[in-house]
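>>> quick one: sequence plus predicted model below, questions after.
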Amino acid sequence: MSIRTLLSIAATICAFAMYPQQHYSANIAIGVKGGATLSQTMFSPGIDQTFITGMMGGVTFRYIEEQHFGLIAELNMEQRGWKETFDETQYSFQRKLTYLQIPLLAHIYFGGETAKFFFNAGPEIGFMIGDKTSANFDIHNLNNLPDDFPIENRNTDQFTMDIKNKIDYGISAGLGFELVPHKKHSILLEGRFYYGLNNIFSARKRDVFAASNGMSIMVTLGYMFRVK
């Protein structure tokens, strides 16, 4: 390669470096969201259960400094727990736990000015603020239940056990769509999955359950207002 060619390449690189680059202005938005949840509690030994429905709602703060990437912080109230099944009998039991949750998420988005797809993922911490049990039988007097109650080979301690760990933490990840009808207003639809890493009950060797961590699926509709 000749000296003239090297000088030409160097000049091109310098010219490109000195050319004013496009600057992406920061985007700061606040918003509200609400929706529904489907959740279970992953017990070991296992418990026959189905998804329990709940509600969630909260506020969102979003900061975007770079194109296609930002950060999200939320303060939400979410209901999750478990609903047990009883071999096609008329019995029912559910325990619904209410959490004040704080997710801190990376926000990756792509698309045009008026329609965008996004992916959110990151850690979450939650603080239990409510515990409600619903059953159509006396959970404190199982010995006097009718003979058709399916108690054989079934754990029942979870009916009345106190929640040991009222602080939960885990990982959240979600996919969604954002519609931007105006540069300061947007509407978001998101589906998100949460997996808890902490047990709600004590999990020592002598305890009933070796694991009792929660998981939930959330579907929410939100509104964001751009303040900057």
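Cool, got the structure.
>>> the longest strand along the chain - contacts with which helices or strands?
Longest strand in the chain, counting residues (DSSP state E): strand 115-135. The contact analysis (3 or more CB pairs under 8 Å, 6 or more residues apart in numbering; DSSP states H and E) places strand 115-135 against strand 69-84, strand 93-111, strand 167-182, strand 185-196. In short, each C-beta sits where N, CA and C put it, glycine included.
>>> packing partners for the longest one?
Same thing as strand 93-111. strand 52-66, strand 69-84, strand 115-135, strand 167-182.
>>> in a markdown table, list these along with distance to residue 33 and mean neighbour count.
Shown next, in a markdown table, are the helices and strands packed on strand 93-111 (distance: least, CB to CB, whole Å; neighbours: other CB atoms under 10 Å):
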| stretch | distance to residue 33 | mean neighbour count |
| --- | --- | --- |
| strand 52-66 | 6 | 17 |
| strand 69-84 | 8 | 19 |
| strand 115-135 | 12 | 15 |
| strand 167-182 | 10 | 16 |
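>>> residue 152: which of those is closest?
Among the helices and strands packed on strand 93-111, strand 69-84 comes nearest to residue 152, with 14.7 Å by CB to CB.
>>> paired strands for that closest one, with orientation please.
Sheet partners assigned to strand 69-84 using DSSP bridges are listed as strand 49-50 (antiparallel), strand 52-66 (antiparallel), strand 93-111 (antiparallel).
>>> pLDDT of the shortest one, averaged?
Read that as strand 49-50. In this model, strand 49-50 has an average pLDDT of 95.
>>> for that strand, the distance to its chain's centre please.
20 Å (CA atoms, centre = their mean, to the nearest Å).
>>> got the contact list for that strand?
When contacts are defined by CB atoms under 8 Å, 6 or more residues apart in numbering, strand 49-50 is touched by residues 40, 41, 82, 83, 84, 85.
>>> turn the residues you listed into JSON lines, columns for distance to residue 134 and pLDDT.
What follows is the contacts of strand 49-50, written out as JSON lines (distance: CB to CB, whole Å; pLDDT from 0 to 100):
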{"residue": "40", "distance to residue 134": "16", "pLDDT": "97"}
{"residue": "41", "distance to residue 134": "15", "pLDDT": "97"}
{"residue": "82", "distance to residue 134": "12", "pLDDT": "97"}
{"residue": "83", "distance to residue 134": "9", "pLDDT": "97"}
{"residue": "84", "distance to residue 134": "11", "pLDDT": "95"}
{"residue": "85", "distance to residue 134": "14", "pLDDT": "93"}
